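Participant: Dropping a prediction and its sequence here:
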Amino acid sequence: MSDRRETQSTPRDDAWLARPSTIRLLWRVFAVVLAVSVAAQAMFKVKGYFEVDGWFAFGAIYGFLSCLAMVLVAKGLGYLLKRPQDYYREADDD
Amino acid sequence: MIDVLPPALILLLGALLIGPTRGHLRTAVILAAPLLTLLAIWQVPDGVVLSLDFLQYRIEPLEGSAVRRLFATIFALMALTGGLYAFRQAKWYELAAAYAYAAGAIGVSFAGDLISLFLFWELMALFSTVVVWCGGTPAARAAGIRYAIMHLLGGVILKVGIEGVMIHTGSVELRPMLADNFDHWMILIGILINAAAPPVSAWLSDAYPESSPTGSVFLSAFTTKTAVLALILLFPGEPVLIGIGLFMVMYGIIYALLENDIRRILAFSIVNQVGFMVCAVGIGTEMAINGASAHAFAHIIYKALLFMSAGVVVYRTGRNKCTEVGGLFRTMPLTAVCGIIGALAISGFPLTSGFTTKTMISQAAVDQSLVVVYFLLAAASAGVFLHAGIKFPWFVFFQRDSGLRPKDAPWNMAVAMVFFSVLCILFGVAPQLLYAYLPYPVEYVPYTAGKVVFYLQLLLFSGLAFFLLLPLMRRTETISLDADWLWRVAGFRLAAGLQDLLAAAGARFAAAAAATGRALGARSRRLFGAETTDEGRREGVFARAWPIGTTALWIAVLLTAYVFFYYLD
């Protein structure tokens, strides 16, 4: 893992997708797409089956918050459950 | 007697022929056997086709219905595409085992009674273990043994239930039941073990990633989905399945988020996806069963596609970990694009097969007014995008540049991936192609503007969450403990402790026995004595010569006692 830096190619000849300018552009495009997906709700009514899911931007907020919750739960459980890769020491079995 | 050749038999024959054939002939067998099987599957009419008497039971190894044909079709399609993906890279015995494994799955699909179901079930357990072993590493061997133990145990539990049903009802017919008595519970548990339900979900994520890059493609498809089919046939509407399914959905997401091994991420996401199906079977309405069947069909395609994409990466780089790869899109564009299509499909993006099938399950929850189930499934859909939809392609093909510049997929792997990518999109844009073959008539309309907007918001903002929370999701070179810790470590330690305890008790017992032996020896020597002492005189109490008068006195006492007790009576 320590030789990660050495093997990295210089930014100039790197692929278009990996350039910082491209990444900035992609973030901007992504922000626009996000805004459009919420704004679209003004035009196309989302049929709420249980009332709340029809609220404006409910999908966006619910999606974001549930992901946040899942990442945090995973992070918390990680402290409890994570072990080094050779925990079961299978490589030495043979 | 029969006008239809059992499809499972054709594929099994193909599996047997892979070994003896060579070169182009072998390739022909590999590609033709699943095609002929497909052909045979569509010849199977509704109802029992083949039946014979075994002991006093009526065995029906071939029974057709819409849902059975649907599952058999996707199993055969999977064997075909998997064969295409693997035939130039995999060893012949791995392919033969994979085909026999697929034949078992197709056999289960058409099994009309519990006995044939069980036989094909065990065929799958047997040959899937061989596929795991074909990983060829010591880790694969150990994982294969754990895998086999779990499946044989599951088989025994299933058999206990089947025996119970046979004895208590006198019939082995496959018919819907609920988990309302011991026999039915045993059958349910036996099936759920194969579905990777809690608490034994770990067998799946333990074994699949240890197999070869081609083996995991086959493994991803059959075992869990035949379990889903068995649940559809035997336990539709069993309420306990809703809770189990929801647990599996969340378990898969959380563990996949913690995971570093590329294929293990995908393995956890199988548990997650099967959770959706198990939950749907638990809801049990026509819409839900349609949803479970359609989702199983779509899932096999996109999950195999994801495993193919990951398999190419492992095959080309020899690396399994997120921390070891990255930036591979530069030289593996096709593999990356196919992986992304699979990732979008599993996330249920509109215009992919995941959207047109998974939303049916949500709709079924809505129809039954299951509020909590609906919202948990929606959260899980967001979570799928998080753990598989973005995480997999991001860490493998993008993130940092690992410096690796592997070649893209070999042509046969590429063709297989493109074929499944096309299917992912085809069933997304033309869902009626799939809906027409579902077990019940479909009135569901997947694409309404509101629904598309809702799911786009849900998924896109999950994507935002992923990139904002990336610092929290740094890959670490770790594994995560699972319930299998209980038997791999705790059970082992318990056994070792018990062994120590027994050894200590044994030593103590031996010491006590020796002491007792010594004491008894001394006593017996005192009573019986050695034959003669050095002085030539008998030493033991009973060995001594007694005066005749003493003996006569004792006999008189005994006789008196006898007479006394005789009159007492």
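Facilitator: Everything's here; your move.
Participant: In terms of helices and strands, where is the most centrally placed residue in chain A?
Facilitator: For chain A, A:C67 is the residue whose C-alpha lies nearest the centre (CA atoms, centre = their mean; 8.6 Å). For A:C67, the host element (DSSP states H and E) is helix A:58-81.
Participant: buried ones in that helix?
Facilitator: Using 16 or more other CB atoms under 10 Å in any protein chain shown as the burial criterion, the residues of helix A:58-81 that qualify are A:58-60, A:62-64, A:66-68, A:70-71, A:74, A:77-78, A:81. The way it works is simple: take the backbone N, C-alpha and C, and place the C-beta from them, glycine included.
Participant: what's B:A288 in contact with, if anything?
Facilitator: Residues in contact with B:A288 (CB atoms under 8 Å, 6 or more residues apart in numbering or on different chains) are B:A280, B:V281, B:G282, B:M360, B:I361, B:A364, B:A365, B:Q368.
Participant: again, only using 7 Å
Facilitator: B:A288 makes contact with B:A280, B:I361, B:A364, according to CB atoms under 7 Å, 6 or more residues apart in numbering or on different chains.
Participant: Name the nearest residue to the first one, sequence neighbours excluded.
Facilitator: So the one you mean is B:A280. Once flanking residues are discounted, B:A280 sits nearest to B:A292: 3.8 Å by CB to CB, 6 or more residues apart in numbering or on different chains.
Participant: Give me the neighbour count for the nearest residue to B:M150 once chain neighbours are set aside.
Facilitator: Nearest residue to B:M150, sequence neighbours excluded (CB to CB, 6+ apart): B:W203, at 4.3 Å. With neighbours defined by other CB atoms under 10 Å in any protein chain shown, the count for B:W203 comes to 24.
Participant: for chain A, what spans make up the helices?
Facilitator: Listed in chain order, the helices of chain A (DSSP state H) span A:4-7, A:20-43, A:58-81.
Participant: what domains does the record give for the chain?
Facilitator: I went with chain A, as the question did not name one. Split into domains by automatic domain parsing, chain A comes to A:1-44, A:45-94.
Participant: The chain in question should be chain B.
Facilitator: Following automatic domain parsing, chain B resolves into domains at B:1-183+B:215-226, B:236-497.
Participant: Distance of B:F118 relative to B:S171?
Facilitator: To B:S171, B:F118 is 15 Å away according to CB to CB, to the nearest Å.
Participant: out of those two, which sits in the more crowded spot?
Facilitator: B:F118 (21 against 13).
Participant: CA atoms only for the helix holding A:C67 - export them in CSV, please.
Facilitator: Provided in CSV are the C-alpha atoms of helix A:58-81 (Å, rounded to 0.1, in the frame of the first residue of the first chain):
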residue,chain,number,x,y,z
PHE,A,58,-40.0,13.6,0.3
GLY,A,59,-38.1,11.0,-1.8
ALA,A,60,-34.9,13.2,-1.8
ILE,A,61,-35.0,13.8,1.9
TYR,A,62,-36.0,10.2,2.8
GLY,A,63,-33.3,8.8,0.5
PHE,A,64,-30.6,11.0,1.9
LEU,A,65,-31.5,10.5,5.5
SER,A,66,-31.9,6.7,5.3
CYS,A,67,-28.5,6.5,3.6
LEU,A,68,-27.0,8.7,6.3
ALA,A,69,-28.6,6.5,9.0
MET,A,70,-27.3,3.3,7.3
VAL,A,71,-23.8,4.6,6.9
LEU,A,72,-23.7,5.7,10.6
VAL,A,73,-25.1,2.3,11.8
ALA,A,74,-22.6,0.5,9.7
LYS,A,75,-19.8,2.7,11.0
GLY,A,76,-20.9,2.1,14.6
LEU,A,77,-21.3,-1.7,14.1
GLY,A,78,-17.9,-1.6,12.4
TYR,A,79,-16.2,-0.7,15.7
LEU,A,80,-17.8,-3.8,17.2
LEU,A,81,-17.5,-6.2,14.2
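Participant: what about it, average pLDDT?
Facilitator: For helix A:58-81, the mean per-residue pLDDT is 92.
Participant: can you check stretch B:246-260 too?
Facilitator: 93.
Participant: who touches it?
Facilitator: So stretch B:246-260 is in contact with A:70-71, A:73-74, A:77-78, A:81-82, B:197-198, B:201, B:205, B:265, B:268-269, B:271-272, B:274-276, B:278-279, B:321-323, B:373, B:376, B:380, B:383-384, B:387-388, B:473, B:475-478, B:480, going by CB under 7 Å, 6+ apart.
Participant: Quick one, which of these are buried?
Facilitator: Burial by neighbour count, 16+ other CB under 10 Å: within the contacts of stretch B:246-260 this picks out A:70-71, A:74, A:77-78, A:81-82, B:197-198, B:201, B:205, B:265, B:268-269, B:271-272, B:274-276, B:278-279, B:322-323, B:373, B:376, B:380, B:383-384, B:387-388, B:473, B:475, B:478, B:480.
Participant: Show me where chain A dips below the pLDDT cut-off.
Facilitator: A:1-13, A:90-94 (pLDDT under 70).
Participant: Ramachandran coordinates for B:F54?
Facilitator: Phi and psi for B:F54, reported as degrees, to the nearest 10, are phi -130, psi 120.
Participant: Closest residue of the stretch 51-200 of chain B to chain A?
Facilitator: Relative to chain A, the nearest point of the stretch 51-200 of chain B is B:P138 (3.6 Å; CB to the nearest CB).
Participant: Please give the number of neighbouring residues around that residue.
Facilitator: B:P138 has 14 neighbours, counted by other CB under 10 Å.
Participant: what's near enough to touch B:V429?
Facilitator: B:L351 are the contacts of B:V429 under CB under 7 Å, 6+ apart.
Participant: excluding its backbone neighbours, what's nearest B:V130?
Facilitator: Nearest residue to B:V130, sequence neighbours excluded (CB to CB, 6+ apart): B:A97, at 3.9 Å.
Participant: swap that for B:G19, sorry
Facilitator: Once flanking residues are discounted, B:G19 sits nearest to B:A96: 5.6 Å by CB to CB, 6+ apart.
Participant: same thing with B:Y57?
Facilitator: B:V172 (4.9 Å).
Participant: near chain A, which residues of the stretch 1-150 of chain B show up?
Facilitator: Taking CB under 7 Å from any CB of the partner chain as the measure of proximity, the stretch 1-150 of chain B contacts chain A at B:P138, B:A139, B:A142.
Participant: what's near enough to touch the residue positioned nearest the centre of chain B?
Facilitator: In chain B, the C-alpha nearest the mean C-alpha coordinate belongs to B:N194, at 3.7 Å (CA atoms, centre = their mean). B:N194 sits next to B:G154, B:T223, B:T224, B:T226, B:A227 when contact means CB under 7 Å, 6+ apart.
Participant: Pull the contacting residues for residue 61.
Facilitator: As the question left the chain open, I've gone with chain A. Contacts of A:I61 by CB under 7 Å, 6+ apart: none found.
Participant: wait, chain B
Facilitator: Contacts of B:P61 by CB under 7 Å, 6+ apart are B:P6, B:L50, B:A111, B:G112, B:S116.
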